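>>> I would like to see how this sequence folds:
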Amino acid sequence: MGVEHFDVLIMGAGLSGIDAAYHLQKYCPNKRMVILEQRERIGGTWDLFRYPGVRSDSDMFTMGFSFRPWTSRKAIAPGEDIRNYVTRTAQDEGIDQHIRFRHRVARAAWSSRDATWTVSAVRQEPDGREEPVTLTCNFLFSCAGYYRYRSGYLPEFPDIGRFTGRIVHPQAWPEDLDYAGKRVIIIGSGATAVTLMPAMAKTAGHVTMLQRSPTYIVSMPEQDAIAN
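Predicted coordinates for the structure are as follows:
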């Protein structure tokens, strides 16, 4: 196959990527664009994270699209609701027609002489084979977020091999994990831990949060009466 050229190449079909595509087709309708998404579904972070209790840590009236107001009554929304919101937006606006799934961007090189980016990507076939793909564009729009999708950060714990229990990273939450009645330690006290702990505590035997520094929490209703 020859090298395809686009006016704009967007990296990522998550919240930011769909937003960028909407504004691009609205204000630059004559520009040819493509969206490369390394996963198989729309949603980005909200498709990747599947741990119990995953939700936004900002209100969706602020984080949602300006052109498609958030209409759910939950201001702090579950991850699945956010993913469905992004997906429906892409479908309703015809943006999904520009997405190429299972395309991982490996390298991008700029040529000042040609005013062109050369993007090297890897396309994963349904059978697992990987094929190299090369695209060029005049504008490269990175909407890839700040998570490393292949593996989340994991500190080095001395003698971790001596631990006989199961160690799970929330970014790679296994579907078969049964923690009912188990004693659980959650390391950290950030946004992930704050949403994970109460969800696990419903069925776990006991849950302990191990924190380095205190996080201050205020109890607020999940619905914003004024916004609604």
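
>>> wasn't residue 110 part of a strand?
Yes. Assigned with DSSP: H, G, I helix; E, B strand; the rest coil, residue 110 falls within a strand.

>>> now do the lengthiest strand in the chain, average pLDDT.
If you go by DSSP state E, the chain has its longest strand at strand 130-142. Strand 130-142 carries an average pLDDT of 96.

>>> and it, what does it pack against?
Where contact means 3 or more CB pairs under 8 Å, 6 or more residues apart in numbering; DSSP states H and E, strand 130-142 is packed against strand 4-11, strand 33-36, strand 116-124. All C-beta spots, glycine's among them, are computed from the backbone N, C-alpha and C.

>>> hey, which of those strands is tucked in deepest?
strand 33-36 (a mean of 22; mean count of other CB atoms under 10 Å).

>>> after that strand comes which helix or strand?
Under the assignment DSSP states H and E, the closest C-terminal helix or strand after strand 33-36 is helix 45-48.

>>> now that following helix: buried residues?
45, 46, 47, 48 (16 or more other CB atoms under 10 Å).

>>> and for stretch 98-105?
Quick answer for stretch 98-105 (16+ other CB under 10 Å): 98, 99, 101, 102, 103, 104, 105.

>>> mind picking the two most distant members of the residues you listed?
98 and 104 (17.3 Å; CB to CB).

>>> pull out the buried positions in the host helix or strand of residue 21.
Secondary structure from DSSP H and E places residue 21 in helix 15-27. By neighbour count with 16+ other CB under 10 Å, helix 15-27 contains the buried residues 15, 16, 17, 18, 19, 20, 21, 22, 24, 25.

>>> what's that helix in contact with?
8, 10-11, 31, 33, 35, 37, 42, 44-46, 63, 65, 67, 82, 86, 89-90, 93-95, 98, 141, 143, 145 (CB atoms under 8 Å, 6 or more residues apart in numbering).

>>> before we move on, what about stretch 158-169?
Contacts of stretch 158-169 (CB under 8 Å, 6+ apart): 151, 152, 154, 174, 177.

>>> closest to residue 205 out of those residues?
Among the contacts of stretch 158-169, residue 177 lies closest to residue 205 (CB to CB), at 14.4 Å.

>>> and what about the closest one, helix, strand or coil?
coil.

>>> just give the nearest non-adjacent residue to it, would you?
residue 168 (6.3 Å; CB to CB, 6 or more residues apart in numbering).

>>> that neighbour: neighbouring residues, count only.
13 (other CB atoms under 10 Å).

>>> quickly find the element holding it.
Residue 168 belongs to no helix or strand when elements are defined using DSSP H and E.

>>> tell me the pLDDT of it.
So residue 168 comes in at 93 (pLDDT).

>>> tell me if I am right that residue 90 is in a helix.
Yes. Looking at residue 90 with three-state DSSP, it is inside a helix.

>>> residue contacts, it?
Residue 90 neighbours (CB under 8 Å, 6+ apart): 13, 18, 21, 42, 96, 99.
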